[in-house]
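Student: all I have is the shape, not the residue letters:
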C-alpha cells in the first residue's frame, strides 16, 4: 500500500449508544474501529474509524456522516461531526494495536494478538493468534464471541465446515483448533482473504484442510457447486444472512447445522421464521448485550 492511504475519522459518542453504533458500522461493512472510554465516568468517549482511502470517496464519507447524524438525532443526542486525519500504513498499525489485549472467549478459547507473548495465566487455553489487519474478527465483538462459545460446545471434530464472510478467519481457525479437517472460507473482500491467509499461517504450519475463496457466497456456490457441509458458520449482517438462507439446505448434509451471528434482537424473529420455512429447527439462541447467535439443525433434505 502507498503511504497516507488511510483516513482516520473520530467523533464523540455516548456510552449508551455503543451497541447500536457497532450495528451501524456493520451496515457499512466497516470493521476497523475502536472505542476510547478515557472519559467513561462522564458517560462519553470517542469512536475511531479507519477507512482505506481507495474504497471511500467523499460522497460515500458524507453518506456515512449523515447516517450517524440521523442516528444520534433519533436518540435525541447531539452529534459532534467527524474529525479527519490522514495516516500512513505504519501509523494505522500502531494506532490499531494499542487497543488490543489477550481476550478470553467462552470456557477455553483465548484470542491472542500476534505481537504479544502468551501470559502464563492463559497457558491452558486454546489459543487463536490473530492479526486482523483491516478484517473484522478479533473476538471482542459479541457476534464473534457468541459464535465461538457455541462452537466449543459442538462436536466439530472431523467435520466439514463452511465459513461465509470469514473476515479475519477467526471462526475457521477456531474450528480447526476444535478438530475440523475440511474448511471452506468465503469472503468478498480481498483484504479479508489476505488477512485470513496470514492468520492461518500464524496458527498452523500450512494451509492443509483450508480452501479459501474470494467472492460472494452465491458467486462461489455457482462456480464450484458447494456441497456436503456439516456446519455453516455465518457471522455477517442479518440482511445478507436472510438473502442466502434459502441456499443453505442444498450445500449441507442431512442433519447439518448452522451457526448464525451478526444479528440484533429486533431481527431475531424474521431470521427464525425464515429458517423454519427452509426446514431448520432452532436448537439454541444465545445473546450478549443486544446481539444474538442462532444455532439450528436441518431437519430434512431439500
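Tutor: Okay, I see it. All values derive from a computational prediction rather than experimental measurement.
Student: quick one: the residue nearest to residue 50 when sequence neighbours are not counted and residue 6, what's the gap?
Tutor: Nearest in space to residue 50, with sequence neighbours left out and distances taken as C-beta to C-beta, 6 or more residues apart in numbering, is residue 32 at 4.1 Å. Heads up, the C-betas are built off the backbone N, CA and C, glycines and all. As defined by C-beta to C-beta, to the nearest Å, residue 32 lies at a distance of 9 Å from residue 6.
Student: do the same with residue 235
Tutor: 25 Å.
Student: more crowded one of these two?
Tutor: residue 235 (27 against 24; other C-beta atoms under 10 Å).
Student: pLDDT value on the closest residue to residue 44 other than its chain neighbours, please?
Tutor: Leaving out its chain neighbours, the residue that sits closest to residue 44 by C-beta to C-beta, 6+ apart is residue 14, at 5.3 Å. At residue 14, the predicted lDDT confidence score is 85.
Student: how far away is residue 14 from residue 243?
Tutor: According to C-beta to C-beta, residue 14 and residue 243 sit 33 Å apart.
Student: residue 229: neighbour count?
Tutor: 22.
Student: the nearest residue to it once chain neighbours are set aside and residue 77, how far apart?
Tutor: Using C-beta to C-beta, 6+ apart and skipping the chain neighbours, the partner closest in space to residue 229 is residue 162 (4.4 Å). As judged by C-beta to C-beta, residue 162 and residue 77 stand 40 Å apart.
Student: who has more neighbours, those two?
Tutor: Just comparing residue 162 and residue 77: by other C-beta under 10 Å the higher neighbour count belongs to residue 162, 29 against 15.
Student: which phi and psi does the more buried one have?
Tutor: The phi and psi torsions at residue 162 (degrees, to the nearest 10) take the values phi -120, psi 120.
Student: surely residue 169 touches residue 185?
Tutor: Yes. Between residue 169 and residue 185 there is a contact under C-beta atoms under 8 Å: 6.4 Å.
Student: element containing residue 269?
Tutor: Element membership of residue 269, judged by DSSP states H and E, is helix 268-277.
Student: from the contact counts, what lies against that helix?
Tutor: In terms of contacts (3 or more C-beta pairs under 8 Å, 6 or more residues apart in numbering; DSSP states H and E), helix 268-277 is packed against helix 238-244, strand 252-264, strand 280-288, strand 291-298.
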